[in-house]
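**Student:** Okay, sequence plus prediction incoming.
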Amino acid sequence: MLLLTSDFHLGYGYGTERENDCFFVLKEILNQNSDLILFGGDLFDSRVPRLEILSEAMHFLSKLKEKKTEVKFLECDKEINRRALHGIPFISIYGNHERRANLINPIQSLEKAGLLINLHCQKIVFELNNEKIAVHGMSYVPEKYAKDVLTEWNPKPVAGAKNILLVHQNIEPFVYSPLEDVYLKISDLPEGFDFIINGHVHWKNIVPIGQGKLLMPGSTIPTQLTKKDSEIKKGYFILDGELKFKEIRQREFFYKTVKTSEEIEEFLNSLEEKEIKPIIKIKIKNASSLDLGIIERKYRNKGILIFQREIETNFEKQKTEILRKQLTAEEYGVKLLKEKSKFGDADELLNLIIDDDSGGVENLLRDSFEKDSKNTTDL
């Protein structure tokens, strides 16, 4: 049995009531009798996860080594640590939350420890129940390069095998955030694959493409807290003859749009108090004068309350737009760099700044300056 999943975002909510929510899925997976786990990126929520988070990930991956599997390793495009093949192999790509320009990222670190196998423009082949399974993987690259990298790599299905491709990109029309750029379309995806598993997009979806399927397992934890997050269940795919989606146990999430304090209280009074507090996000239209602090104190036992106002001033509209799209500080930083400068590699530059890689920043700026100078000279 194959287990297909993505976007655990381990470490999300650290230091809050939700800090353990991201680990629910790990227990679920350990209870499954899978032979091979294929992961679509963003195991961690941070490029440099806290030691407490890294320790939990290592414990989970080590537990997989103790379990039995029927899968047999046949070949790989690169040299791999044989320890990673013990127990249930965990085949992963790294996502945008983990990619570190010119520096080793946490997925590569876990690979060096023999706890998983990371693929980037590479494939690995197994055998399970007398059937070959070829797993191809392209780890995250900045969106503007995704199509070119995929085209240059040009992965080819292995004859006589079930072929599965792992990617972690925006693929039009499936986009994580409306503020992100999209350069890759469904028509750009290589042909002949039984399944293409795409991480990054946080909502489950199955899209027929040619003779195969594009699968988006979605995240295993709600991070954007949009209305869609409250409507689409979180889980992972299981492939055992047929494809099934298995929901995971998680904290409930309620999303409600209201206009008055009376509507807020009516909604909150309708909810039962539970041992595990649900997430309750309330979007309030045209109600900037409400004292939400009083409501929050009165109903704090009902759940983790999150209020979002819809305000009319131009300045506040911009703030609300940012909140509505649930941008992280990093995503907003990329947005500002793109809007306020002419620098082409905004996401790459921000990654280097976050990683405190002053040498990388200097090299990137020098390359950009030399490129601009050459273009000016050519004119």
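**Tutor:** Here it is on my side, so go on.
**Student:** Can you report how many residues lie near the residue nearest to Lys277 when sequence neighbours are not counted?
**Tutor:** If the residues on either side of it in the chain are set aside, Lys277 comes closest to Gly303, at 4.6 Å by C-beta to C-beta, 6 or more residues apart in numbering. C-beta: built from backbone N, CA, C; applies to glycine. Counted by other C-beta atoms under 10 Å, the residues lying close to Gly303 total 22.
**Student:** how much space between Gly303 and Arg309?
**Tutor:** As judged by C-beta to C-beta, to the nearest Å, Gly303 and Arg309 stand 19 Å apart.
**Student:** can you check Asn102 too?
**Tutor:** For Asn102, the distance to Arg309 (C-beta to C-beta) stands at 41 Å.
**Student:** Who has more neighbours out of those two?
**Tutor:** Arg309 (19 against 13).
**Student:** So what pairs up with that one in the strands?
**Tutor:** Counting by DSSP bridges, Arg309 is bridged to Ile284.
**Student:** What pLDDT is listed against it?
**Tutor:** You'll see Arg309 listed with a pLDDT of 79.
**Student:** same thing with the one 10 residues further on?
**Tutor:** Model confidence at Lys319, given as pLDDT, is 50.
**Student:** cool, Tyr14 as well?
**Tutor:** 94.
**Student:** what residues are up against it?
**Tutor:** Arg50, Glu52, Ile53 (C-beta atoms under 8 Å, 6 or more residues apart in numbering).
**Student:** among those, which are in helices?
**Tutor:** Glu52, Ile53 (DSSP state H).
**Student:** Could you tell me the end-to-end distance of stretch 284-293?
**Tutor:** Stretch 284-293 stretches 14 Å from its first residue to its last (C-alpha to C-alpha, to the nearest Å).
**Student:** picking up where we left off before, in PyMOL, select just the buried ones from the contacts of Tyr14.
**Tutor:** Restricted to buried positions by 16 or more other C-beta atoms under 10 Å, the PyMOL selection for those reads:
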select buried, resi 53
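**Student:** Would you reformat the contacts of Tyr14 as CSV and include pLDDT and distance to Val135?
**Tutor:** As requested, those are arranged in CSV below (pLDDT from 0 to 100; distance: C-beta to C-beta, whole Å):
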residue, pLDDT, distance to Val135
Arg50, 96, 30
Glu52, 96, 30
Ile53, 96, 26
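**Student:** quick one, helices of the stretch 1-150 of the chain?
**Tutor:** 24-30, 51-65, 106-112, 143-153 (DSSP state H, counting those that start in this stretch).
**Student:** where does the chain dip in pLDDT?
**Tutor:** Where the chain drops to pLDDT under 70, the residues are 179, 286-289, 311-364, 366-379.
**Student:** Hmm, Tyr140 is touching Gly41, no?
**Tutor:** Yes. If you go by C-beta atoms under 8 Å, Tyr140 and Gly41 touch, sitting 5.9 Å apart.
**Student:** Which one's more surrounded, those two?
**Tutor:** Taking other C-beta under 10 Å, Tyr140 and Gly41 do not tie; Gly41 has more neighbours (29 against 23).
**Student:** Can you verify my assumption that that one contacts His202?
**Tutor:** No. With contacts counted by C-beta under 8 Å, Gly41 stays clear of His202, the gap being 11.9 Å.
**Student:** Name all residues that sit in contact with those two at the same time.
**Tutor:** Contacts common to Gly41 and His202, judged by C-beta under 8 Å, 6+ apart, are Asp7.
**Student:** wait, Gly199 sits on Gly40?
**Tutor:** Yes. Between Gly199 and Gly40 there is a contact at 3.1 Å, judged by C-beta under 8 Å.
**Student:** what sits in contact with each of those two?
**Tutor:** Both Gly199 and Gly40 are in contact with Ser6, Asp7, Ile93, Gly95, Leu166, Val167, His168, Pro217, where contact means C-beta under 8 Å, 6+ apart.
**Student:** show me what contacts the fourth one?
**Tutor:** By that I understand Gly95. Residues near Gly95 by C-beta under 8 Å, 6+ apart: Ser6, Asp7, Gly40, Gly41, Asp42, Leu43, Ser139, Tyr140, His168, Gly199, His200.
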